[in-house]
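Engineer: Quick one: sequence and predicted model below, then my questions.
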Amino acid sequence: MGEIDAAGDLVTGTLMGRAVERDSRAGEDHGPGICLNCGAELVGPHCHRCGQVGHVHRTIGAIWHEILHGVVHFEGKLWNTLPLLTFRPGELTRRYIFGERAHFVSPMAMFLFSVFTMFAAMQIMGVSPPTDLGSSAQFEQTINYARTNTAEALADARESRAKAEPGSERAQRLDQRIEKLSADLADLQRIPMSLGERAGYAPRFKTGWKRLDEGIEKAEKNPGLALYKLQTNSYKFSWALIPLSIPFVWALFAWRPRFRGYDHAVFVTYSLAFMSLLFIALLIGSALGLASGVVSTLATFVPPVHIFFQLKGAYRLRWWSALLRTFVLLFFITFIVTLFALLLLGLGLLG
């Protein structure tokens, strides 16, 4: 069922992305007629009043063609957009902002396509957090059990050592065992017993936001289920990353009024789309046997390099200015991700 759900997410994402795209390609001329949507007389392949295509299909084959066309071709714009998004993101962002849009997938359509594809790929490959981490009570019970057993074993070892002949081989083995058990027990004693202690705050800490406090409480009771729900539900609100990110990008150019909010929105949306596609590529590469070291290196260095070149090209910055803003933006990203996670908790996605 996971593969079926994943395929559904993939098709849904591409069709949603296609839905927000304007059909800017000229269609085949089917001759004069009446628009079946608004009744206006046709003077070309599209209605000049409402924009609907003059010739419509009413066959099962047309439905499958529509789906495949949306998934594979994306009106042909996907193959114009992907190379620039990958290797020249700044140029793509700048060209789209200044009106060259007929040949490119719009930022929002690209974002929807990439996000749905990413989560579909994760489902197909079985990437998910463990759901069997247990509750805090179960965790505490397990640690207490380990502490008790280790303490009892240590007491038995010391008792046997007291009876062993000094300097004998048995005494030496018992000394080594006592040393190891003592170290193990010390490590177990240092393990925090609750989520609150592990996070560095009192277990009964309250933020004052009721829904957020409820989400944190549920996450503490069952952290495995919380992680699973965060993954499976976060894509539904992934769009929230866009408005969360725009103010931070705006702050990088607050003293340059010629850059508008729309410019920053295009930058953010294309950047998020690329990061989703990069994750998909790394996921597939890992599944095909790409070394984990290579995957980790690419995941670490490709995002900041991409952000640098997108900033430099989109805003026409000098290299040192783009580099400085890249470091600041990478610092901002930690706040954005934290805000997004808190938003998911506050919206009750763990309920």
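Structural biologist: Structure's in. What do you need? Note that the structure is predicted; figures quoted are calculated from it, not measured.

Engineer: could you point out which element follows whichever strand or helix holds I242?
Structural biologist: Assigned by DSSP states H and E, I242 falls within helix 241-252. Sequence order places helix 261-287 as the next helix or strand after helix 241-252, per DSSP H and E.

Engineer: between that following helix and helix 241-252, how many degrees?
Structural biologist: Interaxial angle, helix 261-287 versus helix 241-252 (axes from the mean of the first three to the mean of the last three C-alpha atoms, to 10 degrees): 120 degrees.

Engineer: buried sites along helix 261-287?
Structural biologist: 263-283, 286 (16 or more other C-beta atoms under 10 Å). Glycine gets a C-beta too; all of them are placed from N, C-alpha and C.

Engineer: mind checking which helix or strand L185 is in?
Structural biologist: Assigned by DSSP H and E, L185 falls in helix 169-190.

Engineer: Alpha carbons of that helix, as CSV, please.
Structural biologist: What follows is helix 169-190 as a C-alpha-only set of coordinates in CSV (Å, rounded to 0.1, in the frame of the first residue of the first chain):
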residue,chain,number,x,y,z
GLU,A,169,44.3,-15.6,37.2
ARG,A,170,40.7,-15.7,38.5
ALA,A,171,41.3,-12.6,40.6
GLN,A,172,42.7,-10.7,37.6
ARG,A,173,39.7,-11.7,35.5
LEU,A,174,37.4,-10.5,38.2
ASP,A,175,39.2,-7.2,38.6
GLN,A,176,38.7,-6.6,34.8
ARG,A,177,35.0,-7.5,35.1
ILE,A,178,34.5,-5.2,38.1
GLU,A,179,36.2,-2.4,36.2
LYS,A,180,33.9,-2.9,33.2
LEU,A,181,30.7,-3.2,35.2
SER,A,182,31.6,-0.1,37.2
ALA,A,183,32.0,1.9,34.0
ASP,A,184,28.8,0.5,32.6
LEU,A,185,26.8,1.4,35.7
ALA,A,186,28.3,4.9,35.7
ASP,A,187,27.2,5.4,32.1
LEU,A,188,23.7,4.2,32.9
GLN,A,189,23.5,6.6,35.9
ARG,A,190,24.3,9.5,33.6
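
Engineer: Can you give the contact residues for it?
Structural biologist: 143, 146-147, 150-151, 153-154, 157-158, 160-161, 164-165 (C-beta atoms under 8 Å, 6 or more residues apart in numbering).

Engineer: Please apply the same query to stretch 306-326.
Structural biologist: Counting by C-beta under 8 Å, 6+ apart, 88-91, 93-94, 97, 252-253, 259, 263, 266-267, 270-271, 274-275, 278, 304, 329-330 sit against stretch 306-326.

Engineer: one more time with 6 Å, if that's ok
Structural biologist: By C-beta atoms under 6 Å, 6 or more residues apart in numbering, the residues outside stretch 306-326 that reach it are 89-91, 93-94, 252, 267, 304.

Engineer: Could you list the buried residues of the helix or strand encompassing A341?
Structural biologist: Per DSSP H and E, A341 falls inside helix 319-346. By neighbour count with 16+ other C-beta under 10 Å, helix 319-346 contains the buried residues 322, 325-326, 329, 332-333, 336, 340, 343-346.

Engineer: Check stretch 304-320 too.
Structural biologist: 306-315, 317.

Engineer: what ranges do the strands span in the chain?
Structural biologist: Ranges of strands within the chain: none, based on DSSP state E.

Engineer: how about the helix holding I242: buried residues?
Structural biologist: Applying 16+ other C-beta under 10 Å to helix 241-252 flags 241-242, 244-246, 248-250, 252 as buried.

Engineer: Do you know the pLDDT at L212?
Structural biologist: Looking at L212, its pLDDT is 61.

Engineer: and what of S136?
Structural biologist: S136 is given a pLDDT of 55.

Engineer: what does H46 give?
Structural biologist: 78.

Engineer: again with G39
Structural biologist: 83.

Engineer: Can you get me a residue count around it?
Structural biologist: 10 (other C-beta atoms under 10 Å).
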